[in-house]
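>>> when you get a sec, could you give me coordinates for this:
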Amino acid sequence: MRFHDGSPFDADTAISSILTAPAPPGWSIYESQFSNPRGMDRGYCDSPAADGRLRVVRNSFGTEPMNNAMGRLHDILIEEASLLAVVHDLNPRALSARCRGFVQARSWFEDYTQIAVG
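Residues are numbered from 1 along each chain as shown. Got it, this is the predicted structure:
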């Protein structure tokens, strides 16, 4: 069996993706073993430190080791800037008087290329 891109199907990886319940499902996007086409790591995150912390979370049964590992994982992901979180809202904005060219979008897409500071 092959994936849509022609790469071989790895049953061990497919089974391990089913057995990842102890870690919150959203965190598996940072695991290098789940990079495309085997999983959800579309950003191709490859961090041995993050993989190690996720392994601790998955294999721990107490809340104390899990909380410590998740706290360290959070620090690692922030340090490595593994994900760019873009928030869209329609709340009032406070911009510096030096900002020029910002126009509030009427849809979900902002054009940041026209903004200048100075």
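>>> low-confidence ranges in this structure?
Scanning the chain for pLDDT under 70 picks out 1-26, 28, 36-43, 85-94, 107-108.
>>> quick one, helices of it?
Ranges of helices in the chain, per DSSP state H, are 11-18, 48-59, 63-80.
>>> what's the most buried one of the ones you listed?
helix 48-59 (a mean of 17; mean count of other Cβ atoms under 10 Å). Every residue, glycine included, has its C-beta placed from N, CA and C.
>>> next, the angle helix 63-80 makes with that one.
160 degrees (axes from the mean of the first three to the mean of the last three Cα atoms, to 10 degrees).
>>> quick one: list the elements packing against helix 48-59.
Secondary-structure packing of helix 48-59 (3 or more Cβ pairs under 8 Å, 6 or more residues apart in numbering; DSSP states H and E): helix 63-80.
>>> contacting residues for the residue nearest to A49 when sequence neighbours are not counted?
Distances taken as Cβ to Cβ, 6 or more residues apart in numbering place I76 nearest to A49, at 5.0 Å, with adjacent residues excluded. By Cβ atoms under 8 Å, 6 or more residues apart in numbering, the contact set of I76 is S47, A49, A50, R53.
>>> let me know the closest of those to I115.
Within the contacts of I76, distances to I115 taken as Cβ to Cβ reach their minimum at S47, with 31.4 Å.
>>> what about P65, distance to S82?
Distance, P65 to S82, using Cβ to Cβ, to the nearest Å: 22 Å.
>>> ditto for Y44
10 Å.
>>> looking at those two, which is more packed in?
Neighbour totals were compared for Y44 and S82, and S82 leads with 16 against 8 (other Cβ atoms under 10 Å).
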